[in-house]
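Participant: sequence and predicted structure, then a few things I'm wondering about:
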Amino acid sequence: MEVRVNPIDCWEMDNTYGYYWGARKLLVICQQNAARVNTATAWTSEDYDTLRHEVHHLIQDCSVGKAGDLETGVFFDDSESYNTFVNGALDADTIRNIARAYSDKEPRDIKMEVEAFAVASTITAETLANTISRVCN
């Protein structure tokens, strides 16, 4: 897995906080206060939130097969646990706003984004690191 902070993509793509590209095994973070390409700056709470969100996309990728195999899905793979987790982490307006922001995506992809936002807002970095170790081997 390659991690890039503030690559040129961050300036070329509008409103990009970061992304996970499984096929390339690439995780990108575009810091909120970035001033120069490929140069990290002091991390903000928004930057850490983005990092947790994108790391969860890696976990989603690993949870269905392995990282980079182009198979991905929600981590909470049964409806009851997914709904319990997401509804406990995000209010209904936030869920609607996320769904609206990703309305051009497939329903499965929207569900994955909602889950990643919920994870970013509630799960610690330590828990995510442990989950990566367990799920991604």
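Facilitator: Cool, the structure landed.

Participant: break down the protein into its strands, ranges please.
Facilitator: Using DSSP state E, the strands assigned to the chain run over residues 2-5, 18-21, 26-29.

Participant: out of those, which comes closest to residue 135?
Facilitator: In this view, those are compared for proximity to residue 135 by CB to CB, and strand 18-21 is the closest at 14.2 Å. (Each C-beta comes from the backbone N, C-alpha and C, glycine too.)

Participant: what's around residue 132, how many residues?
Facilitator: Here the count is done by other CB atoms under 10 Å, and residue 132 has 17 residues near it.

Participant: now it: closest residue in space, sequence neighbours ignored.
Facilitator: residue 59 (6.3 Å; CB to CB, 6 or more residues apart in numbering).

Participant: next, count neighbours for the one you found.
Facilitator: Counted by other CB under 10 Å, the residues lying close to residue 59 total 22.

Participant: ok, now residue 119?
Facilitator: The tally of other residues near residue 119 (other CB under 10 Å) stands at 24.

Participant: OK, contacts around the nearest residue to residue 35 once chain neighbours are set aside?
Facilitator: Taking CB to CB, 6+ apart as the measure, residue 35 lies nearest to residue 41, with 6.3 Å between them; neighbours along the chain are not counted. With contact taken as CB atoms under 8 Å, 6 or more residues apart in numbering, residue 41 is in contact with 6, 31, 33-35.
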